[in-house]
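In: whatever this is, show me its structure:
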Amino acid sequence: MIQFEIINNVGKITLNRPGKYHSFIKDMAIQLQNILDKCNENKSIRAIMITATGKAFCAGQDLAEATDKNGPSLTEIVENHYNPIIRKIRNIEKPVVAAVNGVAAGAGASLALCCDIVLCNENATFIQAFSKIGLIPDSAATFFLPRLIGMQRATALMMSAEPIVASEALKMGMIYKIFSNDNFESSSLDFVSKLSQMPTKGLGLTKRLLNSSYSNNLEEQLEMEKQCQEIAGKTNDFDEGVQAFLDKRKPNFKGN
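Out: Residues are numbered from 1 along each chain as shown. Predicted coordinates:
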């Protein structure tokens, strides 16, 4: 259901349930959780890419499982399947990039938008599909989407379930960049590969600060920046970056 490979310093996670548009069931969610743990623990992995096979990214929850009387309840699905995935993505102090290759609906859209950076092909579409079946947006959609595009737009998209194509998502600030369909996979991997060659510890500290900025006031954030800068300043990558600048050469960061 999920393919995983390490390409140089990139952990590439590929959703692979094309017959169901990569919709999640319990085993798939647990598998993704385990892979994210491996990416977090493996120091050779310095950036993570989440994408999918075929023409869809993720249709969210498989409703056959959600409506099965012998299956997990909605509460169990949210608490045990999706919430741990969101927490892991946000707490891994490495760049996590979603490469959205098609429709991202419901929790599939939430999965993409909780990542640090979202890349899309020209066919990508985002749908807050929950209202179509009488549910509320979950998997942190109500947390991240208003922060990305503003409360007014987020409310409208969640209530109307209006699909948003990649070009509109880019204008809204929902995503970072669109690559052409022809070179989407290679361009996305090149982008993540470049991140994997950056000072990983510094990027992780940046992510920590961005996470805290949602709840800190100005003074708290300034204090945390000071603390994180002190940590960053003691890394080997800082020494290498300064020396490379003085030598007028490209730095060779090792991620520590």
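
In: drop to CA atoms for contacts and neighbour counts, all remaining ones
Out: Will do.

In: now do the helices in the stretch 1-150 of the chain.
Out: Along the stretch 1-150 of the chain, the segments classed as helices by DSSP state H, counting those that start in this stretch run 26-41, 63-66, 74-76, 83-91, 107-113, 141-149.

In: would you turn those helices into CSV with mean pLDDT, distance to T155 and mean neighbour count?
Out: Shown next, in CSV, are these (pLDDT from 0 to 100; distance: least, CA to CA, whole Å; neighbours: other CA atoms under 10 Å):
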stretch, mean pLDDT, distance to T155, mean neighbour count
helix 26-41, 98, 27, 17
helix 63-66, 95, 24, 14
helix 74-76, 96, 22, 13
helix 83-91, 98, 21, 17
helix 107-113, 98, 14, 26
helix 141-149, 98, 8, 17
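
In: select, out of the ones you listed, the one closest to N252.
Out: helix 26-41 (21.8 Å; CA to CA).

In: mind saving the C-alpha coords of the closest one as CSV?
Out: Extracted in CSV, the C-alpha atoms of helix 26-41 (Å, rounded to 0.1, in the frame of the first residue of the first chain):
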residue,chain,number,x,y,z
LYS,A,26,-6.1,1.2,9.1
ASP,A,27,-3.1,-0.9,7.8
MET,A,28,-2.0,1.8,5.4
ALA,A,29,-2.2,4.5,8.1
ILE,A,30,-0.1,2.3,10.5
GLN,A,31,2.3,1.6,7.7
LEU,A,32,2.8,5.3,7.1
GLN,A,33,3.3,6.0,10.8
ASN,A,34,6.0,3.3,10.9
ILE,A,35,7.8,4.7,7.8
LEU,A,36,7.8,8.2,9.2
ASP,A,37,9.4,6.8,12.4
LYS,A,38,12.1,5.2,10.3
CYS,A,39,12.7,8.5,8.5
ASN,A,40,13.0,10.3,11.8
GLU,A,41,15.4,7.8,13.2
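
In: which residues touch K94?
Out: By CA atoms under 8 Å, 6 or more residues apart in numbering, the residues touching K94 are 40, 46-48, 200-201, 203-204, 207.

In: any idea how far D116 is from it?
Out: Look at K94 and D116: by CA to CA, to the nearest Å, they are 9 Å apart.

In: which neighbours do the two have in common?
Out: Contacts common to K94 and D116, judged by CA under 8 Å, 6+ apart, are K207.

In: out of the contacts of K94, which one sits closest to Q152?
Out: K207 (26.1 Å).

In: find the nearest non-adjacent residue to that closest one, please.
Out: Closest residue to K207 apart from its sequence neighbours, by CA to CA, 6 or more residues apart in numbering: E93 at 6.4 Å.
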